[in-house]
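> following is a predicted model, sequence given first.
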Protein chains: 2
Amino acid sequence: MVSIKDIAKKAGVSISTVSYALNGSPKVTKETSERIQAIAKELNYIPSAAARSLKKRETKIIGIYLTNYSGAFYGELLQGMMETLSKNGYELIVCSGKESHRFLPERMIDGAIILDATYETEELLSHAERGHKLVVMDRRMDHINISQVLLDNKAGATLAIDHLAEKGHRKIYVLKGPEISFDARQRLEAVQKAVQRYSQVEYVELDGDFNKPSGEAAAKKIHQEFSEPVGVFCLNDEMAIGMYNYFSRTNLRVGEDVHIIGFDNIEVSQYIHPRLATINYSKHKWGSLASELLINLIKKKKPEHERINVSLIEGDSVRNR
Amino acid sequence: MVSIKDIAKKAGVSISTVSYALNGSPKVTKETSERIQAIAKELNYIPSAAARSLKKRETKIIGIYLTNYSGAFYGELLQGMMETLSKNGYELIVCSGKESHRFLPERMIDGAIILDATYETEELLSHAERGHKLVVMDRRMDHINISQVLLDNKAGATLAIDHLAEKGHRKIYVLKGPEISFDARQRLEAVQKAVQRYSQVEYVELDGDFNKPSGEAAAKKIHQEFSEPVGVFCLNDEMAIGMYNYFSRTNLRVGEDVHIIGFDNIEVSQYIHPRLATINYSKHKWGSLASELLINLIKKKKPEHERINVSLIEGDSVRNR
DNA sequence: TCTCTTTCTGTAAACGTTTTCCTTTATTAT
DNA sequence: ATAATAAAGGAAAACGTTTACAGAAAGAGA
C-alpha cells in the first residue's frame, strides 16, 4: 500500500509537506504542491480512512439505524437523508443488525439517526452522555446532544377517526400497533381521545403488530362478528393491506361492508383496489429534516424539536355508510 | 476518551497485557484477564475502530452498492445479505452517493457487493487489481478477486415470451429497459431470440428506462395504435405498474385488450388488479448467495460464478386472446 | 546450587495520518 | 553590513491499537 511516506521519499520532501500539499494548505508553494499531487496520482495514492479518522477524530459518515428495510416505506426516507447529507459533505450508511450498535461508540460514524424502536433509550442516552450526536425519529428525548423530529401522529389519528365518523360510521374498530412503537402508542392515544367526542359510536380495539398477518387475523375477527357495515382504522397501511388480503377471500367487500383507513400512505396503497384511504406525510421531508438537525448538532448548534405534518388522503375504501 | 492506556495504568500492567486480556488471548492468566476486563467495564472502555482497523487492516464491514433504494425490491435482498453476513461476523452497510465510492479503496470496508450499473466496470477492475474483494450482481466480470451471481435473465425472458405466445398472442410489444442495465440487455437479447421461434407474431420494441413514467408513455403509444388485443412484455414490473396507471384512465382493459407480463415480481404486483403475470426469483437467496461468495473470497477461496433461477408467475393480466 | 523450561508480563515498533513547533533561507528595512 | 521579518519546509509527537520479541519469575530436574 502506497502511503504518504512513499510520496515524500519520491518527491524528496518530508511527509508533513506531503500532507499539507494534499490537503491544499497554503503553507506550501503552488509548485511543490502540484509536483506532489502529480506524484501522488502517479503512485496511485489513496489515503487511509482509518489513519485519518484516528487522528482527526471524525469520519464524515453518519449512520441511520433501522429495524428492517421493509421496502416501500424507507426508500423515500433514505433518499431525503442522502440529499441533505451529501450536500454537507457527509455520507450515509444504513446500519442494521445488533453488532452495528458499536458503530456509534467506536466512532465509526460521526452521528446517528434513530428509527429503530428496538434500540434502547437507555443506550442512546449513554451515547449522548458521552458526547455523541443523535437525532431520534421514533421517540421523545430531551438531551443537549439529541434532536428529534416526530410525525404528528395525534393529528393523523384524529383525522382518521373524524373521517370515519363523518362518513356516518357508528361502529369503529382500531387495529393497534406493537406496544414498542412510539408512533403506535401516540396514534392509539389520540384515537381514544377522539372517539370520546362521538358518544354514539361503538369503539373496539384489536391487537396488531404493524405487519400484514396481524391485519389478516384482525380481519378474520371482524368477519366473524360481522352484522352491519363497520369502519376500521388500521394504525398503519401494512396491516390494512393484510385486511384486503383476507377480505378478498370472503363475501365482505372493502368500501361497502368494511370501510378501512390506514396510516403512512405507502406505495402499495394507491394501487390496491379500492384505493386505500390513509394518512399521508412526506417521507422525503422527514428524512431530510432529520439529517439537517443532525448536521446542526454536529456543528455545535442547539438541539431542536421538529414535527412533520400529516394530511388525509381519501380513498374508496371509506365511503358513506 | 478512555483507552487501553488508562486501563493499563489503573490495573498496574502494560498496555500489551491489556490488549491480550481484552482479546481473550491465552497468554495472560485468567485472573489478570478478569481483573482487566472488570476495570475496562468500570471505566466504560470502548475500543477505537479506527485504531484497530489501522493496525489490523480489516474492518469486518462489507458494503453493498446500490443505485437507489427504491423500495419494494431491495428489502428482501438486503435481508438475505444481512443474515449470512452476520452469521460470519460481518456487518453490512448500504452505500450510495458518489462519495461512497471511496469506502472500498480507503479500506473502510473489507469487500463490496455491487448492484449499481453506474459503477464503472473500469473502476471495479482497478479495485480488484489492488486486491479488493468484490461480488458483482449486475454485470459479468472475470477476475481472481471477483465473484458473480447473476439472474437467469435469458430463461426468464424466454418464459415470458412463450407465455404470451401460448396464450395466442400474435402481436407482442416489448418495453425495453435502459441501455446501461445488464439485466435489461440480457432480457432483450433473449426476447429477440425467442420471438424468432414464432414466425407469425408481429414484434415491436418500445423504449423504457425501468421507471413508471416510461411505462405510462409506452402505454400511451400502444393505446394510440390499438386495433386488436396485444401482448406486452415489460422488462420489469415497475414499468408494468406504469402501464396499469395509464390504462386505468382509458377504455382499454388490462387482461382483456392489453395483456401484460412483467419481470421481478415486486410486492405491488400481487396487489394490483388484475394480478400481474411476471417472472419471479428469490431476492432473499440472491442476496444471501452474493454474501456467501464474498465471504469465501475474503477467506482466500476461488472466485465463483453462480446463477439465480427464475420462474413464471401467472396472473390475470395475461389471458387467452 | 545451577541450569532449563514454562508461564506470564513488559518493551517497543508499527499502522498512516495530522499538526505543533522548529529551522532554514530569502527578503526587506535600517 | 546587520538585524528583523517573512516564507517555505522539516522533525517529531500524537491518535489507539496489535504483535513480535524480550525479559522475569518460578518451578523442576540434575
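On my side now, so go ahead.
> can I see the domain layout of chain A?
Domains of chain A are assigned by automatic domain parsing as A:4-47, A:57-151+A:283-308, A:153-280.
> mind putting those in JSON lines, distance to DNA strand C included?
For every residue, glycine as well, the C-beta is placed using N, CA and C. As requested, the domains of chain A are exported to JSON lines (distance: least, C-beta to the nearest atom of the strand, whole Å):
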{"stretch": "domain A:4-47", "distance to DNA strand C": "3"}
{"stretch": "domain A:57-151+A:283-308", "distance to DNA strand C": "9"}
{"stretch": "domain A:153-280", "distance to DNA strand C": "39"}
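> is it possible to export those to CSV including mean neighbour count?
Compiled in CSV, those are given as follows (neighbours: other C-beta atoms under 10 Å in any protein chain shown):
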stretch, mean neighbour count
domain A:4-47, 16
domain A:57-151+A:283-308, 20
domain A:153-280, 20
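> for chain A, which segments are assigned as helices?
Using DSSP state H, the helices of chain A run over A:4-11, A:15-22, A:30-42, A:49-56, A:71-87, A:121-129, A:153-166, A:182-195, A:212-224, A:237-247, A:283-298.
> any chance of the domains of chain A in a markdown table, with distance to chain B too?
Output for the domains of chain A, formatted as a markdown table (distance: least, C-beta to the nearest C-beta, whole Å):
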| stretch | distance to chain B |
| --- | --- |
| domain A:4-47 | 5 |
| domain A:57-151+A:283-308 | 4 |
| domain A:153-280 | 5 |
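> now the residue positioned nearest the centre of chain A: how far from residue A:103?
For chain A, the residue nearest the mean C-alpha position is residue A:115 (4.9 Å; C-alpha atoms, centre = their mean). According to C-beta to C-beta, to the nearest Å, residue A:115 stands 15 Å off from residue A:103.
> cool, residue A:147 as well?
Distance from residue A:147 to residue A:103, by C-beta to C-beta: 19 Å.
> and for residue A:156?
32 Å.
> wait, doesn't residue A:189 sit right on residue A:154?
Yes. Applying C-beta atoms under 8 Å as the test, residue A:189 and residue A:154 come out as touching, 7.3 Å apart.
> near DNA strand D, which residues of the stretch 1-150 of chain A?
Within reach of DNA strand D by C-beta under 7 Å from any atom of the strand, the stretch 1-150 of chain A has these residues: A:12-17, A:27-29, A:31-32, A:51, A:54-55.
> could those go into JSON lines alongside pLDDT?
Formatted as JSON lines, those follow (pLDDT from 0 to 100):
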{"residue": "A:12", "pLDDT": "91"}
{"residue": "A:13", "pLDDT": "92"}
{"residue": "A:14", "pLDDT": "92"}
{"residue": "A:15", "pLDDT": "93"}
{"residue": "A:16", "pLDDT": "92"}
{"residue": "A:17", "pLDDT": "93"}
{"residue": "A:27", "pLDDT": "85"}
{"residue": "A:28", "pLDDT": "88"}
{"residue": "A:29", "pLDDT": "90"}
{"residue": "A:31", "pLDDT": "89"}
{"residue": "A:32", "pLDDT": "90"}
{"residue": "A:51", "pLDDT": "95"}
{"residue": "A:54", "pLDDT": "94"}
{"residue": "A:55", "pLDDT": "94"}
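> farthest pair in those residues?
A:31 and A:54 (31.1 Å; C-beta to C-beta).
> just give me the closest of the residues of the stretch 1-150 of chain A next to DNA strand D to residue B:303.
Of those, the one sitting nearest to residue B:303 (C-beta to C-beta) turns out to be residue A:51, at 29.8 Å.
> give me every residue that touches the closest one.
B:50, B:54 (C-beta atoms under 8 Å, 6 or more residues apart in numbering or on different chains).
> same deal with residue A:3?
A:45, A:48.
> where in chain A is the helix or strand with the lowest mean pLDDT?
When the helices and strands of chain A are scored by mean pLDDT, DSSP states H and E, helix A:71-87 comes last with a mean of 83.
> return the list of helices and strands in contact with that helix.
strand A:61-66, strand A:91-95, helix A:283-298, helix B:71-87 (3 or more C-beta pairs under 8 Å, 6 or more residues apart in numbering or on different chains; DSSP states H and E).
> off-centre distance for stretch A:187-204?
Offset of stretch A:187-204 from its chain centre (C-alpha atoms, centre = their mean, to the nearest Å): 28 Å.
> kindly apply the preceding question to stretch A:239-250 instead.
Computed by C-alpha atoms, centre = their mean, the chain-centroid distance of stretch A:239-250 equals 26 Å.
> how about the contacts made by the closest residue to DNA strand D within the stretch 201-321 of chain A?
Nearest residue of the stretch 201-321 of chain A to DNA strand D: residue A:298, at 18.7 Å (C-beta to the nearest atom of the strand). Residue A:298 makes contact with A:110, A:111, A:133 under the criterion C-beta under 8 Å, 6+ apart.
> from those, pick the one nearest residue A:214.
Looking across those and measuring by C-beta to C-beta, the closest to residue A:214 is residue A:111, at 34.1 Å.
> report pLDDT for the residue nearest to the closest one when sequence neighbours are not counted.
Nearest residue to residue A:111, sequence neighbours excluded (C-beta to C-beta, 6 or more residues apart in numbering or on different chains): residue A:133, at 4.0 Å. Here the pLDDT value assigned to residue A:133 is 96.
> where's residue A:133 relative to residue B:108, distance?
Going from residue A:133 to residue B:108 by C-beta to C-beta gives 20 Å.
> now do the phi/psi pair for residue A:46.
Here is the backbone geometry of residue A:46 (degrees, to the nearest 10): phi -130, psi 130.
> that one touches residue B:106, doesn't it?
Yes. Proximity of residue A:46 to residue B:106 meets the contact threshold set by C-beta under 8 Å, at 6.0 Å.
> low-confidence ranges in the stretch 101-250 of chain A?
Across the stretch 101-250 of chain A, nothing is flagged by pLDDT under 70.
> returning to what we had before: which one of the domains of chain A lies closest to residue B:227?
Closest among the domains of chain A, using C-beta to C-beta: domain A:153-280, at 28.1 Å.
> show me the contacts for the closest residue to residue A:283 other than its chain neighbours.
Excluding its sequence neighbours, the residue lying closest to residue A:283 (C-beta to C-beta, 6+ apart) is residue A:76, at 4.0 Å. The contact partners of residue A:76, by C-beta under 8 Å, 6+ apart, come to A:282, A:283, A:284, A:287, B:71.
> please apply the same query to residue A:307.
Residue A:307 neighbours (C-beta under 8 Å, 6+ apart): A:149, A:150, A:151, A:152.
> surely the last one touches residue A:310?
Just to be clear, that refers to residue A:152. Yes. With contacts counted by C-beta under 8 Å, residue A:152 reaches residue A:310, the gap being 5.2 Å.
> between the two, what contacts are shared?
With C-beta under 8 Å, 6+ apart, residue A:152 and residue A:310 have common neighbours residue A:281.
> name the residue in these two with the higher neighbour count.
The neighbour count for residue A:152 versus residue A:310, taken as other C-beta atoms under 10 Å in any protein chain shown, is higher for residue A:310 (24 against 18).
> pretty sure the more buried one contacts residue A:159?
Yes. Under the criterion of C-beta under 8 Å, residue A:310 makes contact with residue A:159 at 7.0 Å.
> are there residues contacting both of these two? Which ones?
Both residue A:310 and residue A:159 are in contact with residue A:279, where contact means C-beta under 8 Å, 6+ apart.
> nothing else from me, thank you.
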